[in-house]
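S.K.: Kindly return the folded structure for what I paste below:
(2 chains)
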There are 2 protein chains.
Amino acid sequence: MPERIFNFSPGPAVLPQSVLEQAAKDIVNFNNKGMGLIEMSHRSKDFMAVLDEAEALIRELLAVPTNYKVLFLQGGASSQFFMVPMNLLGPGKKATYLNTGVWAGKAIKEAKAFGQVDVAYTGEPNRFKHVPTDDEYSVAADSEYLHLCSNNTIYGTRFPKFPDKGCMLISDMSSDIMSRPVDVSKFGIIYAGAQKNMGPAGVTIVIIREDLLDRCPATVPAMLKYKTHADKGSMYNTPPTFAIYCVGLVMRWLKEQGGLAAMERRNEEKAALVYQAIDATDFYRGHAEKECRSLMNISFNLPTAELEAKFIKEAAAVNLDGLKGHRDVGGCRASIYNAFPLEGVQKLVEFMAEFAKKNG
Amino acid sequence: MPERIFNFSPGPAVLPQSVLEQAAKDIVNFNNKGMGLIEMSHRSKDFMAVLDEAEALIRELLAVPTNYKVLFLQGGASSQFFMVPMNLLGPGKKATYLNTGVWAGKAIKEAKAFGQVDVAYTGEPNRFKHVPTDDEYSVAADSEYLHLCSNNTIYGTRFPKFPDKGCMLISDMSSDIMSRPVDVSKFGIIYAGAQKNMGPAGVTIVIIREDLLDRCPATVPAMLKYKTHADKGSMYNTPPTFAIYCVGLVMRWLKEQGGLAAMERRNEEKAALVYQAIDATDFYRGHAEKECRSLMNISFNLPTAELEAKFIKEAAAVNLDGLKGHRDVGGCRASIYNAFPLEGVQKLVEFMAEFAKKNG
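M.R.: Presented below is the predicted three-dimensional model:
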């Protein structure tokens, strides 16, 4: 086994090597303080500085307006599926959801317990190959928000442009946050599990417009109110210190790479190489429609399930790991998040060409 | 600054040096797989083995009966404060709580939203110096459970014996789990944030009797039902992989140390040294009543607030760190969890004797 293999895992996913090496040092002896990062009180000056820097860098990279809070929560995006409607809906209130995949569907299911849910679009009939444009659905005027999943990890689709329907947006951005610049002011809430593009599993980033904090019914448990965490700077209870620390390191790395505009260019370049390889022959078929292809997750099929299994096995043998597709789509999937190196994409593309020649 | 200081932090807290060193290696290259632990898919064979081992060791060390599930959740004990009553109470149902400190009090506050809560004992009038014995309170026959906090981190008290009132126990054991053997069969649920005695912040261990899984109202969000996580082996959504991995390493270390009976002897020995130092002069005053002194957290006062500040400062200067008491008690607190070395306790005790001689 080599020092480092190319890891196409959909999440938890590849992180910058420099981040891993820094974390390895700080876990044993943080900043030469004589104790490890994960042993430090979350209320110590040292950890507070870690949390403050992580927040400041998220704000800087995403250009988060001053009337938004950045929260570090636990429980994954799956917990946001119910926290969003629990905080913002209630009897007689309505929200609109776009069903563009498994995770968007779970968000819809959880929301129904808290108010009226209009599913304005569903990609289910076409196996979620398509993400709607604004003219394909309407949003009721009394809808509290329009919920979408910006990038669909399983199907390899994304919203190339965010909806502009005169309704506050709320987005699960777990699999493409920090992969491109976003106009945060169009969103009431952006949330993302960190484990794809921001760090390790165990922390969820929530960016929330301040005026939404007061909408939560009083009966909701303290831990489930955004306001509780906003008022305490994500320190109402012990936060996941290691995960927050890693997010801070990844944000530093992103800044060194030139920020989100530079990342977007690199991501477009990397994804284009794989899509060109797919489109070059009839051997490979991309799952997503071309207009809504994801830059992060590329789902594709080969002529037969046997060839797909062979492809995945032979790729792993040359250190291209984690190319098996999700069970709902089958086939193959290459997840190439921010930290996935161009070199690995080039190696995949070469492998794809050779494999098609040999087996086509 | 030396290689390693003595860290009396109440949590996140000191971990075994060998655990930190192993984690540092695996973060960069797990088991020579060519990728770091935190980059690995939670559904990979490698991570599944990590999770399975952590669970198996918890079961072995605590002798968890086979009709209990061991879950790895997120959100800290603070999330259990509402999940317990949300899953087990409902209109017309009743539970009994013992108020032995700040955290027990928060559990009571959250439970009130889900059913009738009898507070059978409160230590508030005596500043939580005392933990009740069975003859000090009664539990109604129709109480679904009796909730207690086994060790009170802030006040430095514990239940030396668990209640025997003919009622199923539910306990927050965040600050003393794994510090002594426990008869799990007396409990319906045991829960604990890992960041004191089991690992880093970011994972909560829940040990739950299987027959309780079906009591949850259907309207509860999927992520908040114990059954959801039990049915999926804590993999309903992406679990906090790094924190679970560290818990596994700490469990390995505990087993190497001889298990919980051995740990209890060592904890008794360490705590006795500090309590002897407190009782040796009138200079120091322990906060807790002697009968319910904690082995994990030792809260004490000096004659004046000025002397306390001086004590904390001078102790830090000789690498005895984190001795400041919680704001609710003031004074000093030495948290000496499983991983806190005897050598550090001996050094504290020497320092206490010298400080009393100079300043008494």
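
S.K.: CA atoms for contacts and neighbours, from now on please.
M.R.: Fine.

S.K.: what ranges do the strands span in chain A?
M.R.: A:6-7, A:68-73, A:94-99, A:116-122, A:143-149, A:151-152, A:157-158, A:169-172, A:187-193, A:204-209, A:285-286, A:297-301, A:320-321, A:332-335 (DSSP state E).

S.K.: Quick check: which of these is nearest to residue B:307?
M.R.: For the strands of chain A, the distance to residue B:307 is smallest for strand A:68-73, at 37.6 Å, taking Cα to Cα.

S.K.: still on that earlier bit, now for the strands of chain A, which one comes closest to residue B:130?
M.R.: strand A:68-73 (34.3 Å).

S.K.: Mind listing the strands that closest one pairs with, and their directions?
M.R.: When sheet partners are counted by DSSP bridges, strand A:68-73 sits next to strand A:204-209 (antiparallel).

S.K.: CA atoms of the strand it pairs with as CSV?
M.R.: C-alpha atoms of strand A:204-209 as CSV (Å, rounded to 0.1, in the frame of the first residue of the first chain):
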residue,chain,number,x,y,z
THR,A,204,-22.9,20.6,11.2
ILE,A,205,-22.5,24.2,10.0
VAL,A,206,-25.7,26.3,10.2
ILE,A,207,-25.7,29.8,8.7
ILE,A,208,-28.9,31.5,9.8
ARG,A,209,-30.4,35.0,9.3
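
S.K.: Show me the contact partners of it.
M.R.: A:67-77, A:187-194 (Cα atoms under 8 Å, 6 or more residues apart in numbering or on different chains).

S.K.: buried ones in stretch A:259-274?
M.R.: A:259, A:260, A:261, A:262, A:263, A:264, A:266, A:267, A:268, A:270, A:271, A:274 (16 or more other Cα atoms under 10 Å in any protein chain shown).

S.K.: Quick check: the last one touching residue A:349?
M.R.: Yes. Taking Cα atoms under 8 Å as the contact criterion, residue A:274 and residue A:349 are neighbours in contact, 6.1 Å apart.

S.K.: which residues does residue A:320 bridge with?
M.R.: Beta-bridge partners, per DSSP bridges, of residue A:320: residue A:6.

S.K.: got a list of what it touches?
M.R.: Shown in contact with residue A:320 (Cα under 8 Å, 6+ apart): A:5, A:6, A:7, A:8, A:344, A:348.

S.K.: Go through these and name the one nearest residue A:50.
M.R.: residue A:7 (27.8 Å).

S.K.: Next, count neighbours for that closest one.
M.R.: 27 (other Cα atoms under 10 Å in any protein chain shown).

S.K.: which ones are touching it?
M.R.: Contacts of residue A:7 by Cα under 8 Å, 6+ apart are A:13, A:14, A:320, A:321, A:322, A:340, B:35.

S.K.: Please apply the same query to residue A:324.
M.R.: So residue A:324 contacts A:312, A:330, A:331, A:332, A:333 (Cα under 8 Å, 6+ apart).

S.K.: Widest-spaced pair of those?
M.R.: Taking Cα to Cα, no two of the contacts of residue A:324 sit farther apart than A:312 and A:330, at 11.7 Å.

S.K.: ok, the contacts of residue A:320 vs chain B, which is closest?
M.R.: Proximity of the contacts of residue A:320 to chain B (Cα to the nearest Cα) peaks at residue A:5, which lies at 5.1 Å.

S.K.: Now do the closest one, the pLDDT please.
M.R.: pLDDT recorded at residue A:5 is 94.

S.K.: Then residue A:165?
M.R.: pLDDT, residue A:165: 97.

S.K.: residue contacts, it?
M.R.: Applying Cα under 8 Å, 6+ apart, the residues near residue A:165 are A:134, A:138, A:139.

S.K.: Look up how far chain B lies from it.
M.R.: Distance, residue A:165 to chain B, by Cα to the nearest Cα, to the nearest Å: 29 Å.

S.K.: quick one, phi psi at that residue?
M.R.: Phi and psi for residue A:165, reported as degrees, to the nearest 10, are phi -120, psi 20.

S.K.: Chain B contacts on the stretch 51-200 of chain A?
M.R.: By the rule Cα under 8 Å from any Cα of the partner chain, the part of the stretch 51-200 of chain A lying against chain B is A:73, A:74, A:75, A:76, A:78, A:79, A:82, A:110, A:113, A:200.

S.K.: doesn't residue B:73 make contact with the second one?
M.R.: What that stands for is residue A:74. No. Counting by Cα under 8 Å, residue A:74 stays clear of residue B:73, with 9.4 Å between them.

S.K.: Comparing the two, which residue is more hemmed in?
M.R.: Each of residue A:74 and residue B:73 has its neighbours counted (other Cα under 10 Å); residue B:73 has more, 29 against 26.

S.K.: Go ahead and confirm that one touches residue B:234.
M.R.: Yes. Counting by Cα under 8 Å, residue B:73 does reach residue B:234; the two are 7.0 Å apart.

S.K.: For the residue of the stretch 251-360 of chain A found nearest chain B, give me its contacts.
M.R.: Of all residues in the stretch 251-360 of chain A, residue A:322 sits closest to chain B, at 8.4 Å by Cα to the nearest Cα. Neighbour list for residue A:322: A:7, A:8, A:9, A:10, A:312, A:316, A:334 [criterion: Cα under 8 Å, 6+ apart].

S.K.: how about the helices in chain A?
M.R.: A:17-28, A:45-62, A:76-88, A:102-111, A:226-231, A:241-256, A:259-279, A:305-317, A:342-359 (DSSP state H).
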